[in-house]
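K.L.:
mind folding the following:
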Amino acid sequence: MSNKFECSIKRIRFDENYEPANNTRLTTNFANLARGESREENLRRTIAMINNRFNSLASVDNPKADRYSLEIDIISAEIDIEGNGKTFPFIEMLKSTITDHKTNERIEGMIGNSFSSYVRDYDFSVVLPQLGCGVGEKPEDFGDLHGKLYQHLVNSEVFKAEFSKQPVICLSVSTSKTYFRTANVHPVLGVEYTNDEYSRTDEYFAKMGLRVRYFKPENGNAPLAFYFAGDLLRDYTDFELISAISTMESFQKIYRPEIYNTNSAAGLVYQPSLNYQDYSLTRIVYDRVERGQLAVKQGKWTEENFIKPYQEILEKWAANFTVNNTNQSEAA
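P.N.:
Model prediction:
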C-alpha cells in the first residue's frame with residue numbers, strides 16, 4: 001500500500017535510440033521527434049545541435065568546439081492520489097549531464113528545461129475553450145490545482161533525493177506580448193529583455209511558484225523565457241545555465257523557427273510572431289499541427305482519467321495544501 005499523493009520518478013535516456021513509452025505524453029517535444037521514418041536521423045541531428053550550441057557557449061579552453069557533450073534524461077513524475085498503487089503520469093521534464101572529454105569529468109547540468117504535463121493540457125485545451133476564453137483571458141482560479149501539484153512534486157523528499165536544485169523551465173516567449181531590450185547583459189544568459197505585461201503562461205507558471213526573466217543568449221535570435229524559483233543568476237552554475245540554453249534553444253529552432261531560427265536577431269523592441277517569413281528551417285522533421293491536435297486529445301483524456309475521478313479528493317487536498325505540508329501529505 002502506497003501513501004496518498006506519493007510521487008515517484010522514472011528516467012529514460014533521450015538519444016538516437018529513444019522511443020516514447022506507451023504512457024508518455026505524445027505532445028512532448030521529444031516524443032514528436034521520435035516518431036516516423038525520420039526518427040533516428042531527427043534525434044541524431046537534434047543532439048548534434050544541442051552539443052554544438054553548448055560548445056559555442058562554453059568556449060574557454062575549447063579551441064575545436066568539441067570538448068563537451070550532453071546526456072539528456074527524460075524525467076517522468078507520477079503521482080498516486082489514493083494510495084492504492086495506481087499512479088498517474090503528471091509531469092515531465094529534462095535533466096542533462098555534461099561530459100568533459102578533456103578531463104573525462106561528468107558535470108551536473110540543469111534539471112527542468114522542457115516542461116509538459118497532462119493537467120496543463122487539460123487547463124489550456126479543455127478548460128479555456130469550454131469557457132470561451134479569448135487571447136489572454138482566463139478564470140481567476142486558472143492553474144491553481146496544477147501549481148500546487150507541481151510544488152508538491154519539487155518539494156517532495158522523492159524529488160529532493162534525486163535532484164539537489166529546483167528546476168529551471170525554459171520556454172518560448174509569447175507571441176501576444178512585446179519585449180524590450182535592457183542594458184543588463186549576463187555573461188552566460190546574454191542580453192536581458194523585459195515585457196510590457198505578463199502573458200497568460202507567465203501567470204500560470206507563477207501559480208507554480210516560479211518567476212520569469214527573459215534573456216537572449218550570445219548569437220541567439222530571440223529571448224528565451226526562464227521560469228525559476230529562487231535566484232536564477234546566483235543559484236546555478238555557468239554550465240547548468242549553458243546546458244539549459246543549448247538544449248531549449250535547439251528545440252525552439254525546430255519548433256518555432258519563425259522566432260528562433262530567423263535570419264535577423266531581435267532588436268530593441270521585439271514582437272515575436274509565427275507569421276514572420278524571414279527564417280530558415282532545420283533539417284529535422286516536426287509536426288506542429290499534430291502536436292496541437294494531441295494537446296486537445298490528451299487534455300480530454302486527463303479530464304476523464306484524472307480530474308473527474310479524483311475531483312473531490314483533489315479539491316479537498318488543494319484547499320489544504322501548503323508547501324510546508326508536502327512531506328506530511330506523502331506520509332499521511
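
K.L.:
what about the stretch 1-150 of the chain, any weak spots by pLDDT?
P.N.:
For the stretch 1-150 of the chain, applying pLDDT under 70 flags the ranges 1-2, 16-39.

K.L.:
any chance you could map the strands in this structure?
P.N.:
Along the chain, the segments classed as strands by DSSP state E run 6-14, 68-80, 88-100, 105-117, 168-172, 179-186, 190-195, 211-216, 224-228, 269-270.

K.L.:
mind listing what's buried in the second one?
P.N.:
Translated: strand 68-80. The neighbour-count check on strand 68-80 (16 or more other C-beta atoms under 10 Å) flags 68-70, 72-80 as buried. Bear in mind the C-beta positions are built from the backbone N, C-alpha and C, glycine included.

K.L.:
farthest pair within these?
P.N.:
68 and 80 (38.1 Å; C-beta to C-beta).

K.L.:
on that earlier part again, please tabulate the strands of the chain in a markdown table, including the columns distance to residue 128.
P.N.:
Formatted as a markdown table, those follow (distance: least, C-beta to C-beta, whole Å):
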| stretch | distance to residue 128 |
| --- | --- |
| strand 6-14 | 27 |
| strand 68-80 | 23 |
| strand 88-100 | 19 |
| strand 105-117 | 15 |
| strand 168-172 | 18 |
| strand 179-186 | 23 |
| strand 190-195 | 21 |
| strand 211-216 | 20 |
| strand 224-228 | 20 |
| strand 269-270 | 26 |
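
K.L.:
chain neighbours aside, what residue packs nearest to residue 276?
P.N.:
Of all residues not flanking residue 276 in the chain, residue 258 sits nearest, at 4.4 Å (C-beta to C-beta, 6 or more residues apart in numbering).

K.L.:
I figured residue 206 hits residue 198, correct?
P.N.:
Yes. If you go by C-beta atoms under 8 Å, residue 206 and residue 198 touch, sitting 7.5 Å apart.

K.L.:
now do the shared contacts for those two.
P.N.:
residue 212 (C-beta atoms under 8 Å, 6 or more residues apart in numbering).

K.L.:
about what we covered before: any chance of the buried residues of strand 68-80 in TSV, plus distance to residue 4?
P.N.:
Below are the buried residues of strand 68-80 laid out as TSV (distance: C-beta to C-beta, whole Å):
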residue	distance to residue 4
68	43
69	41
70	37
72	32
73	28
74	26
75	22
76	20
77	16
78	14
79	10
80	7
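
K.L.:
tell me where the stretch 201-332 of the chain has helices.
P.N.:
With DSSP state H, counting those that start in this stretch, the ranges of helices along the stretch 201-332 of the chain come out as 238-255, 257-260, 288-302, 311-320, 326-331.

K.L.:
residues near residue 304, how many?
P.N.:
Counted with other C-beta atoms under 10 Å, residues neighbouring residue 304 total 10.

K.L.:
and what of residue 142?
P.N.:
Residues within reach of residue 142, counting by other C-beta under 10 Å, total 20.

K.L.:
contacts only, for it.
P.N.:
Residue 142 sits next to 123, 127-128, 203-204, 207 when contact means C-beta under 8 Å, 6+ apart.

K.L.:
PyMOL command to pick out the buried ones of these?
P.N.:
Selection of the buried residues among the contacts of residue 142 in PyMOL, burial being defined by 16+ other C-beta under 10 Å:
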select buried, resi 123+127+128+204+207
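
K.L.:
which one of the buried residues of strand 68-80 is nearest residue 152?
P.N.:
Once C-beta to C-beta is applied, the member of the buried residues of strand 68-80 that ends up nearest residue 152 is residue 79, at 7.9 Å.

K.L.:
the closest one and residue 119, how far apart?
P.N.:
From residue 79 across to residue 119, the span is 10 Å (C-beta to C-beta, to the nearest Å).

K.L.:
what's the overlap in contacts for the two?
P.N.:
Contact criterion C-beta under 8 Å, 6+ apart; residues shared by residue 79 and residue 119: 90, 149.

K.L.:
in a markdown table: the helices of the stretch 201-332 of the chain, plus mean pLDDT.
P.N.:
Shown next, in a markdown table, are these (pLDDT from 0 to 100):
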| stretch | mean pLDDT |
| --- | --- |
| helix 238-255 | 94 |
| helix 257-260 | 90 |
| helix 288-302 | 75 |
| helix 311-320 | 95 |
| helix 326-331 | 49 |
